[in-house]
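Engineer: below are the sequence and a predicted model for it; my questions follow.
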Amino acid sequence: ALAASGLFAAATTATAETITVCANGCDYTSINDAIEDSSDGDVIQLAAETYFEGDEINTDGKAITLRGVLDKAGGPASVLFGTSGHRVLRCRSGESGATSFENLVIRNGSADVGGGMYNEDGSSPTLTNCTFTLNSASERGGGMHNKDGSNPTLINCTFTNNSAEYGGGMYNYRSSEPTLDNCTFTSNTAQYGGGMCNLSDNFGVASGPTLTDCTFTSNSAESGGGMFNQFDFPTLTDCTFTSNSAEDGGGMYNNEESSPTLTDCTFTGNSAEYGGGMHNRNSSNPTLTDCTFTGNSAEYYGGGMRNTGFSSPILTGCTFTSNSAGFGGGGMENSFNTFPTLTNCTFTSNSADSDSGSGGGMYNLSSVLILTNCTFTGNSADQGGGMYNYTGFPTLANCTFANNSADDGGGMYNTRMSGPALTDCTFTSNSADIRGGGMYNENSSTPALADCTFTGNSADDGGGMYNTGISKSTLTDCTFTSNSAEDGGG
């Protein structure tokens, strides 16, 4: 019985074939015709040509491989051309990872959604070494749109110069969780998410793409030049965001309860009006570990990062270096009831550049923060070189403020009933041109300090600390050594 069963299986199992498609001398001249006559396991082999199908290419749920060839430089040389009149690729029949696209250029596709490629209804193909360029969508996903549980896997893929209203390079919607490894997004544009947009409705149907070793460079948007997230939770590891731009969130914009997780990611040279590197808004709670923010800029607030509206980011081992903002928070701005937690983070050489700039390292407005083992070094501003608190209530433990500078409050500036609590903190060699080399307190502020040390700080008045305007400082077991002032209060 076993032998008979084996013979039956052998007799009915089709042998996978390689089907060739080219202009002359191949099995087919049309890719869609080849797909129609193919079976699961077949390979459709393309040539180093440009293919004008005249309609979108649909794999019809078949587990086949559409394979191009490589040029001498290792780039894809088989071009699928949409002539700007139709979408290029579509998977809508629940394709699995066994449906594969390799070594292809997907170019000049155009549609309302998914100009280059549209994956829907759980379709999750595999794409390797593919390039999406010059595709457009009037609504969502210029390069690629993934919808309703579609989870494609992309390896070594590139998205360049694609455009859409949402997600110039890629748009992920409603439980779509693509996996991307070593992919690049360059010079894509959109209103929301120049490189990528992850946007779900407010009914708990979120998307969580996973990205490893991906780069976002020179993408632009109104919100989220590199990436825009809303009600979503992407996971990013070893990803870089460089020279992206937007009005809000040059590198990344997280909105409406978005909670991305970022590990070993870098944000460099991104720019925006608010939140040059990243903007977290409306109860968004990203978790960042060992991430770096360098040389990002904001025209107004939050050069490295801006947190607003009940957002509660958690940062561990992150560095903010040489970021700048015009008005406040060169390194980070926290405003309007935000609750960040920072551990082992450093803020170095950040600045608030305008004549009234506040908080070179950090600016806190009506927010509550917890900082542990954090360092503020060489930051500068007009007010609060290291940190500026306006009705701010940070709690700091074992933090260091060194070599920061300002007109007032070289290390820290507290105003408008701010009540920071500091334990085991040090203020060393900070300087103020006018008042409060180490710390400046005004307008009924009530800082409480325990076991803190002020050494070698300098100012015209109040080298170590300056109190004015009904401010009351509570100091327990604190030490002031070698501070200096031109006029009084060394």
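Structural biologist: Structure received.
Engineer: beta partners for F427?
Structural biologist: F401, F454 (DSSP bridges).
Engineer: look up how far T372 lies from it.
Structural biologist: Per C-beta to C-beta, to the nearest Å, F427 is found 17 Å from T372. Just so you know, the C-beta spots here come from the backbone N, C-alpha and C atoms, and that holds for glycine as well.
Engineer: and for T242?
Structural biologist: Taking C-beta to C-beta, one finds T242 at 30 Å from T372.
Engineer: who's more crowded, these two?
Structural biologist: For T242 versus T372, the count of surrounding residues by other C-beta atoms under 10 Å is larger for T242: 20 against 16.
Engineer: gap between that one and T341?
Structural biologist: For T242 relative to T341 (C-beta to C-beta), the value is 27 Å.
Engineer: do the same with N457
Structural biologist: Distance of N457 to T341, given as C-beta to C-beta: 28 Å.
Engineer: name the residue in the two with the higher neighbour count.
Structural biologist: N457 (32 against 17).
Engineer: so what's that one up against?
Structural biologist: Contacts for N457 (C-beta atoms under 8 Å, 6 or more residues apart in numbering) come out as 410-411, 427-431, 437-438, 463-464, 483-484.
Engineer: which element is D33 on?
Structural biologist: Per DSSP states H and E, D33 falls inside helix 31-36.
Engineer: quick one: name whatever helix or strand follows that helix.
Structural biologist: Where DSSP H and E defines the elements, the next helix or strand beyond helix 31-36 is strand 43-46.
Engineer: may I have the strands that pair with that following strand, each with its orientation?
Structural biologist: Neighbouring strands of strand 43-46 in its sheet, by DSSP bridges, are strand 18-21 (parallel), strand 65-67 (parallel).
Engineer: got the contact list for the first one?
Structural biologist: This means strand 18-21. Contact with strand 18-21 is made by 26-31, 34, 37-38, 42-47, 51, as judged by C-beta under 8 Å, 6+ apart.
Engineer: pull out the buried residues from that strand.
Structural biologist: Buried positions in strand 18-21, judged by neighbour count with 16 or more other C-beta atoms under 10 Å: I19, V21.
Engineer: quick one: distance of it to the chain centre.
Structural biologist: Here the centre of strand 18-21 is set off from its chain's centre by 41 Å, with C-alpha atoms, centre = their mean, to the nearest Å.
Engineer: and for stretch 74-93?
Structural biologist: Centroid separation for stretch 74-93 versus its chain: 28 Å, with C-alpha atoms, centre = their mean.
Engineer: just the CA trace of that stretch, in CSV.
Structural biologist: Output in CSV follows, covering the C-alpha atoms of stretch 74-93 (Å, rounded to 0.1, in the frame of the first residue of the first chain):
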residue,chain,number,x,y,z
GLY,A,74,25.1,43.8,-8.9
GLY,A,75,22.1,45.9,-9.4
PRO,A,76,18.8,44.8,-10.9
ALA,A,77,18.7,45.1,-14.7
SER,A,78,15.1,43.9,-15.4
VAL,A,79,12.8,46.9,-15.4
LEU,A,80,9.0,46.7,-14.9
PHE,A,81,7.8,50.0,-16.3
GLY,A,82,4.4,51.4,-15.5
THR,A,83,4.5,54.2,-18.0
SER,A,84,2.9,56.4,-15.3
GLY,A,85,-0.5,55.1,-16.4
HIS,A,86,-1.0,52.1,-14.1
ARG,A,87,0.2,50.2,-11.0
VAL,A,88,3.2,47.9,-11.7
LEU,A,89,2.7,44.9,-9.3
ARG,A,90,-0.3,43.6,-7.3
CYS,A,91,-0.8,40.7,-4.8
ARG,A,92,-4.3,40.3,-3.6
SER,A,93,-5.0,36.6,-3.3
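Engineer: where does the prediction get shaky in this protein?
Structural biologist: For the chain, the stretches with pLDDT under 70 are 1-14, 201-204.
Engineer: make it 50
Structural biologist: Within the chain, the segments meeting pLDDT under 50 span 1-13.
Engineer: middle-most residue in it, spatially?
Structural biologist: In the chain, the residue lying closest to the centroid (C-alpha atoms, centre = their mean) is M252, at 3.6 Å.
Engineer: got a list of what T287 touches?
Structural biologist: T287 touches S259, P260, T261, L262, P313, I314, L315, counting by C-beta under 8 Å, 6+ apart.
Engineer: can you report how many residues lie near the closest residue to G61 other than its chain neighbours?
Structural biologist: Closest residue to G61 apart from its sequence neighbours, by C-beta to C-beta, 6 or more residues apart in numbering: S93 at 3.1 Å. Per other C-beta under 10 Å, the neighbour tally for S93 reads 15.
Engineer: let the chain start at 890 from now.
Structural biologist: All right, first residue 890 from here; so that's S982.
Engineer: surely S982 and P1014 touch.
Structural biologist: No - S982 lies out of contact with P1014 (C-beta atoms under 8 Å); the separation is 10.7 Å.
Engineer: what is in contact with the two at once?
Structural biologist: T948.
Engineer: circling back to that earlier point, redo the contacts of T1176 as JSON lines? Include secondary structure and distance to S1211.
Structural biologist: Output for the contacts of T1176, formatted as JSON lines (DSSP: H, G, I helix; E, B strand; the rest coil; distance: C-beta to C-beta, whole Å):
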{"residue": "S1148", "secondary structure": "coil", "distance to S1211": "28"}
{"residue": "P1149", "secondary structure": "coil", "distance to S1211": "24"}
{"residue": "T1150", "secondary structure": "strand", "distance to S1211": "25"}
{"residue": "L1151", "secondary structure": "strand", "distance to S1211": "20"}
{"residue": "P1202", "secondary structure": "coil", "distance to S1211": "21"}
{"residue": "I1203", "secondary structure": "strand", "distance to S1211": "23"}
{"residue": "L1204", "secondary structure": "strand", "distance to S1211": "18"}
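Engineer: so which of the residues you listed comes closest to E1111?
Structural biologist: Using C-beta to C-beta, P1149 comes nearest to E1111 of the contacts of T1176, at 19.5 Å.
Engineer: that closest one touches P1175, doesn't it?
Structural biologist: Yes - assessed by C-beta under 8 Å, P1149 is found in contact with P1175 at 4.8 Å.
Engineer: spit out the residues that contact these two alike.
Structural biologist: Residues touching both P1149 and P1175 (C-beta under 8 Å, 6+ apart): N1143.
Engineer: where does S1148 fall, phi/psi-wise?
Structural biologist: Note on S1148: backbone dihedrals following degrees, to the nearest 10 are phi -140, psi 70.
Engineer: contacts only, for it.
Structural biologist: F1122, S1173, N1174, P1175, T1176 are the contacts of S1148 under C-beta under 8 Å, 6+ apart.
Engineer: out of the residues you listed, which is nearest to N1018?
Structural biologist: If you rank the contacts of S1148 by distance to N1018 using C-beta to C-beta, F1122 comes first, at 28.1 Å.
Engineer: can you pull the contacts of the closest residue to R981 other than its chain neighbours?
Structural biologist: Distances taken as C-beta to C-beta, 6+ apart place E1009 nearest to R981, at 4.9 Å, with adjacent residues excluded. Shown in contact with E1009 (C-beta under 8 Å, 6+ apart): C980, R981, H1034, N1035, K1036, D1037, S1039.
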